[in-house]
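Q: Whatever this is, show me its structure:
(one chain, ligands or ions: 1)
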Amino acid sequence: MASGTSHLMTQRQSSVFDELVQIDEFFAQLQKPSNLDSIRTKAGEFCKRNEHLKIALITSGGTTVPMELNTVRFVDNFSAGTRGSASTEYLLQTGQYAVIFLYRSKSLEPYSRHFSPDELLNQLQWEPETDDITVSSSFKPKLREILKHKKETEDRLLKITFTTLSEYLFTLRELTLVLNEFGSNTMLYLAAAVSDFYIPPENMAIHKIQSSEPLRLHFELVPKVLRPLVKFWVPDAFVISFKLETDENILLSKARKALTKYGHKLVIANELNTRKDKVTLVTETDSEVIKVDSQLNNVEIEKFIVENVVQRHQDFITQVEAETSTH
Ligand code: 9Z3
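A: Prediction:
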């Protein structure tokens, strides 16, 4: 009996060890971004400055997967960054959070997402006589509202960009080193659409692939970093992941599977074409649907998602505090 148990323990320990080695090996073969130290310093200072608040890391937008080391071509995905940028605004507006917004370069950002550069230009008039620039009066209420929110929250927002899959993964890991210090006060809201596939640098063409013949590419699976993230990088944080499918029939079962596999608190399940109108919040014990008619009512579903997760995070903190005070 005793030897059976110790054998089991050894097996379990070795599988955790194997997993860590596998993740380390995966990172070791990727090109490390050169700005990680400065990101860590900036994030550390930002969190210190805001330690009277809860801290959220919101990821947003899609990662690229390069096809060549000297990259001309890459594989990308659909994500516009609406979910992440809108959620960041609503979370900041609660007044309870400082937010690190880790987003795909050139995807949507809080506040500026409300208009394209062209829309903004069309609302400005240059007066040749006075050389003055004026803003259309019909546009002023909307602009005023956005500028007001931007000003009220700018000290609590830190924006960091990524483009490639490896930039995203390295930066995410680096940020968790900072966030881990803040324990259950930290919320991770992982809305970025991160590639599941990549070409290992050792298998990648060095130069632009020539178009002299048809092309067949082989992608390897990206190891699931959510597992070490939940288990080792930020074990005390409130972690929320998103699950995206195009087949509604498998969405909830996949979301539940993710929850069991990674052991975090909440999976927000969405289907590609209805993602602006419906999400399902899946926990270990139940599920809750949030539904809006975004077109008809001019509302954003992120407002309700954020209200919901803020409450869940608070309940989590209260529970952790109660548990620590009884031990
Ligand atoms: C999401 O599911 C996000 O809600 C969207 C938001 C990417 C759909 P947009 O940026 O879209 O507003 O246009 N994010 C996570 C997608 C994802 O890749 N999840 C992985 C999966 O489903 C798990 S980590 O396997």
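Q: What average pLDDT does stretch 196-215 get?
A: This predicted structure assigns stretch 196-215 an average pLDDT of 97.
Q: now do the same end-to-end measure for that stretch.
A: Distances were taken as C-alpha to C-alpha, to the nearest Å; on that basis the terminal residues of stretch 196-215 are 21 Å apart.
Q: what sits up against it?
A: Taking C-beta atoms under 8 Å, 6 or more residues apart in numbering as the criterion, the residues outside stretch 196-215 that touch it are 29-31, 65-70, 72-73, 75, 165-166, 217-222. From N, CA and C alone the C-beta is placed, and that goes for glycine too.
Q: Contacts only, for E271.
A: For E271, the set of contacting residues under the criterion of C-beta under 8 Å, 6+ apart consists of L244, E245, T246, D247, E248, L251, K278.
Q: Just the ones of the contacts of stretch 196-215 in helices?
A: Within the contacts of stretch 196-215, membership in helices is found for Q29, L165, S166, as judged by DSSP state H.
Q: Quick check: pLDDT value at the last one.
A: Here the pLDDT value assigned to S166 is 98.
Q: May I see the ones in helices among the contacts of stretch 196-215 organised as CSV, with distance to T59 and neighbour count added?
A: Written out in CSV, the entries for these read as follows (distance: C-beta to C-beta, whole Å; neighbours: other C-beta atoms under 10 Å):
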residue, distance to T59, neighbour count
Q29, 22, 10
L165, 12, 23
S166, 15, 23
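Q: and the contacts of stretch 196-215, which are buried?
A: When those are checked for burial by 16 or more other C-beta atoms under 10 Å, the buried set is L30, V65, P66, M67, V75, L165, S166, V222.
Q: and the gap between the closest residue to the second one other than its chain neighbours and I23?
A: In space, and not counting its chain neighbours, V65 is closest to V75: 4.4 Å by C-beta to C-beta, 6 or more residues apart in numbering. Using C-beta to C-beta, to the nearest Å, one gets 22 Å for the distance from V75 to I23.
Q: before we move on, what about T163?
A: In this structure, T163 and I23 are 22 Å apart, going by C-beta to C-beta.
Q: How much space separates the residue of the chain positioned farthest from its centre from the ligand?
A: Within the chain, the residue lying farthest from the chain centre (C-alpha atoms, centre = their mean) is E129, at 48.3 Å. From E129 over to the ligand the distance is 44 Å, taken as C-beta to the nearest ligand atom, to the nearest Å.
Q: how about that residue, secondary structure?
A: Using DSSP: H, G, I helix; E, B strand; the rest coil as the criterion, the local structure at E129 reads coil.
Q: now the one 4 residues further on
A: In the three-state summary, I133 is assigned as strand, counting by three-state DSSP.
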